[in-house]
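[1] Sequence first, then the predicted structure:
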Amino acid sequence: MAHDKQTTPSDEEIRVRSYLIWEREGCPEGKSAEHWLRAKAELEAEFEAKWRAASMDGASTTFVLPLLPISSRPSRTVSIKLGSAASAALPNVARQ
């Protein structure tokens, strides 16, 4: 069963994993809820690891842009024309 787009384990996958945990522990009675929760946690961790590995391989192109605070409102810039005396004081710049 491929888990390419799946992000959480199905109940069937959890049931099978829970059963395997139950067998591995010697078939104890009265721990079904504990086994279910442990199986779910294990599978979710595996899915997370697969997702991270896929995103490291370039399979995911999710980008998160940082939220930058704006410190002040934009201000209006006013430019002035330089008079002929002021432009004469500037170094020679190629004029077009």
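    Looks like it came in fine. Model, not experiment: these values are computed from the prediction.
[2] Look through this structure and tell me its longest helix.
    helix 32-56 (DSSP state H).
[3] Might one say that residue 47 is in contact with residue 14?
    No - using C-beta atoms under 8 Å as the test, residue 47 is too far from residue 14 to be in contact (11.6 Å). Yep, even glycine has a C-beta here, placed from its N, CA and C like the rest.
[4] Mind checking which of the two has more residues around it?
    Neighbours were counted for residue 47 and for residue 14 using other C-beta atoms under 10 Å; residue 14 has more, 21 against 16.
[5] What are the buried residues along the helix or strand where that one lies?
    For residue 14, the host element (DSSP states H and E) is helix 11-24. For helix 11-24, burial by neighbour count (16 or more other C-beta atoms under 10 Å) applies to 13-14, 17-18, 21-22.
[6] Roughly how far does residue 27 sit from residue 46?
    24 Å (C-beta to C-beta, to the nearest Å).
[7] Tell me how far residue 24 lies from residue 17.
    Using C-beta to C-beta, residue 24 is found at 10 Å from residue 17.
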